[in-house]
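*Asks:* Following is a predicted model, sequence given first.
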Amino acid sequence: MANIQTALVSTDDAEERKKMDEYEESLKSLAETRARQRKLNLSVQYPEEDFYSTLDSKLKSCTGYIKKLKILTESQRDILDKDFQGLNLTRYVSEATQALAEAKLKLSDVPIALEVCTLFHRRYPDFASAMMESWRKVLPLHKGDIVSNPSKLRVDLRLLPEQIAMGLLPTKPSVQLLCSLLQVLLESDKEDRALMPLLTGFAKAYGFEFMGIHPKKLRMLVNEYPGTFDFSSVNLFSADFQNSMRNIFVKYYAGVTKQLESENQRLRDLEKAHRRLLDSRGDVPQEKVDKYEIHVAAFNKLKTAVLSLADYLDQEMPELAPKEEVDDNKTTIELLTVEFGDRAGLAPIWNDEDERDFYEILPDLKATMPSMAYKDSLKDVETSATASISEDALSILDAAIEADSAQLLLAGTATNLDEPSEPSSANLVSPSRPEETASDQTLIKRTAESGHVTRVTTAATPVKKSITQQKRPYIKNSKSKGLADLLDTVWEGDECDGEDEPAVLVDDEQDTSTSALLRQILDTFILGLSKVTSKEGADKMAIDFCTNLNRRHYRKKLVQALYNVPRTRADLLPLYSRIVAVLNPVMPDVGGDLCEALRRQFRWLVRRQDPLRLESKIRNVRFMAELTKFGIFSKAECLLCLKILLNNFKHHAVEMVCCLLESGGRFLYWSPDSHSRMKILLEELLRRKSLRLFDARMDSMIENAYFSCSTPETAASRTGQNMVRTAQS
């Protein structure tokens, strides 16, 4: 094993040494080439005047040659060289230099351009001054000059330094010209960094010659494997000039790194905002996702460019704040997976693949239906309403959970969460009105009749009063009046015996513009709702409604029909919810109106202490749970409804809690954005169960509901075991 490791190390050393040798060889070859070119170009012997008289000076020939310089390409090398030898271009030197400066060349055309410049320089003494003047006309040398053609500027940043290094231009003026150009480019490129690729290319090609900088990776090799090559022989310029040029680029790099850190922090802020949206409403709007992806692409592009520039300038990359890890609860959810079919690796939100397909794979009406079929139903929809309601629900729920924690700390975990079991005389508030005593007696009587052996004390304590006062700001400032009423239900338990049951009412007299045929089609459609037995049938009903009956009045009739599903037809609730989910992208008012009706009904059923209507209560919570799994009813509100039922954990509220958990508890528990709150509510369920005495049926029902959502195994197996154990007892 040791021999293998030694061999690997030796191989790596050999490869690094080979790279170092290649780098030294390339610099040595460059130094020799530069020295030879500069010697020839700086000691030119220009021809006598008689030589020019022997050449062709015709206007047509000379102007034709100048035109060829404007479209200079490598393929013209031989023709240009041959024509140049026979022409007298003494009066056309300025035109030739202007053509070379304005020519739109490629990087591959730079060698032929340099060869033409060398020919002119060695024959015409005024070429250098004319070339300098042409560069001053073309290059952006003043603050505020606009770079209109970055592609051409990329070639200019290769051609001009090569002319300087080869001695084709006077050293001092040309170096000042290059410094002015780079200074303007570096100072102007402070926002979008559009010129960074050009500047990085210059640093890559001339970092050592003009700045005395080895690329970072090669500099490490130079230090590790010092050779015999004298790198100073390649330096064409003084150390002071190289230091000043290096400082200009290092200053630019410092600004780039600050921008990179700023963009990285911006991404982290966007991720935090997205997590808040996931926690508050269960999803992130598509436009925000698209915006985030655009920022990620721009950041990755900037980071790649900064990495290249840091290497060529031998600078260190800044330390960027890493992406925050997901919360422990969410990480746990991602690690616990199930395996079924081709869907291995999914979190156990669903029992099997068929159930997942039922709730997640829906027909896309926007893709299959013409926009004329649904454009009217999308006109007056407020997209922010659902988000504000979800935020209100989360604020209320979190406040209620915090209040429970504070109450447990003050009153002790051995006491009831609603009423202290042994209130001291110091904590009791003696009733000052006779109706309070009567209310207490009524509660005791109802509790005894329901079969619960529970001692109820309704006297208020200072703890209870402080909690109620703590929640008052949410009642007052809540954006949704329904949520405010639900909060009243949580903390005060008001009854509403005098109120009628909420209903979805539709005034048929308003529908005066439709024909009798359409009304007949609508009646047939509504009658067919109760006959739906499969997801295919539900999808067909949704498509038929969108195709034939998409009118405001008919949408209200549909909401009325869905809301009035028979109490005994629990099998229709998932199918009705799927119909709403299929229609929701093109008719969001159907889902919104149905959810609002269910919220009103839930508030009325909870506040009405009625020993009857159990089937209506179960239907209500099951319907909300099914809509939650389709993403129509927000998870935040569903959790809040569960909290309301737990705070009234007696009578029918116990069965409502169990039905809600059996229908949607698993989905809420294993969804990352609702897992932490659902876990707290399940712990509260067990706590409340331990503080009350229930009969065997209720005990088994609560246990089955708890195990149906809190374990990764399928709910059916655990529920079956509990039912067998209950039957044996």
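*Replies:* Structure received.
*Asks:* Mind pulling up the pLDDT for the residue nearest to Val44 when sequence neighbours are not counted?
*Replies:* What sits nearest to Val44 in space, not counting adjacent residues and going by CB to CB, 6 or more residues apart in numbering, is Arg122, at 5.2 Å. Heads up, the C-betas are built off the backbone N, CA and C, glycines and all. On the pLDDT scale, Arg122 is placed at 91.
*Asks:* for Leu100, same thing?
*Replies:* With respect to pLDDT, Leu100 scores 92.
*Asks:* related to what we said a few turns ago, ok, now which ones touch the residue nearest to Val44?
*Replies:* Arg122 makes contact with 40-41, 44, 46, according to CB atoms under 8 Å, 6 or more residues apart in numbering.
*Asks:* low-confidence ranges in the stretch 451-600 of the chain?
*Replies:* Residue ranges of the stretch 451-600 of the chain with pLDDT under 70: 451-500, 505, 507-514.
*Asks:* need the helices for it, in chain order.
*Replies:* Taking DSSP state H, counting those that start in this stretch as the test, the helices found in the stretch 451-600 of the chain are 462-477, 481-492, 516-529, 535-548, 552-563, 572-583, 588-607.
*Asks:* ok and the last one relative to helix 552-563, angle-wise?
*Replies:* Pointing back at helix 588-607 there. Orientation note: helix 588-607 sits at an angle of 40 degrees relative to helix 552-563 (axes from the mean of the first three to the mean of the last three CA atoms, to 10 degrees).
*Asks:* I'd like the numbering to begin with 54 instead of 1 from here.
*Replies:* Sure thing, new numbering starts at 54, so read that last one as helix 641-660.
*Asks:* buried set for helix 641-660?
*Replies:* Neighbour-count burial for helix 641-660 flags 641-660 (criterion: 16 or more other CB atoms under 10 Å).
*Asks:* Please name every helix or strand in contact with the strand or helix carrying Ile132.
*Replies:* Assigned by DSSP states H and E, Ile132 belongs to helix 130-138. The contact analysis (3 or more CB pairs under 8 Å, 6 or more residues apart in numbering; DSSP states H and E) places helix 130-138 against helix 112-123, helix 163-176.
*Asks:* Mind listing what's buried along the last one?
*Replies:* By neighbour count, and taking 16+ other CB under 10 Å as the criterion, the buried residues in helix 163-176 are 163, 165-167, 169-176.
*Asks:* And the contacts of the helix holding Ile132?
*Replies:* Helix 130-138 is contacted by residues 114, 118, 121-122, 125, 165, 168-169, 172 when judged by CB under 8 Å, 6+ apart.
*Asks:* quick one: which of these is nearest Arg672?
*Replies:* Among the contacts of helix 130-138, Leu125 lies closest to Arg672 (CB to CB), at 82.9 Å.
*Asks:* Need the three-state assignment for the closest one.
*Replies:* Secondary structure, DSSP: H, G, I helix; E, B strand; the rest coil: Leu125 is coil.
*Asks:* tell me, which helix in the chain spans the most residues?
*Replies:* Taking DSSP state H as the criterion, the chain has its longest helix at helix 292-334.
*Asks:* Next secondary structure element downstream of it?
*Replies:* helix 339-365.
*Asks:* Mind checking the pLDDT average for that following helix?
*Replies:* pLDDT averaged over helix 339-365 gives 90.
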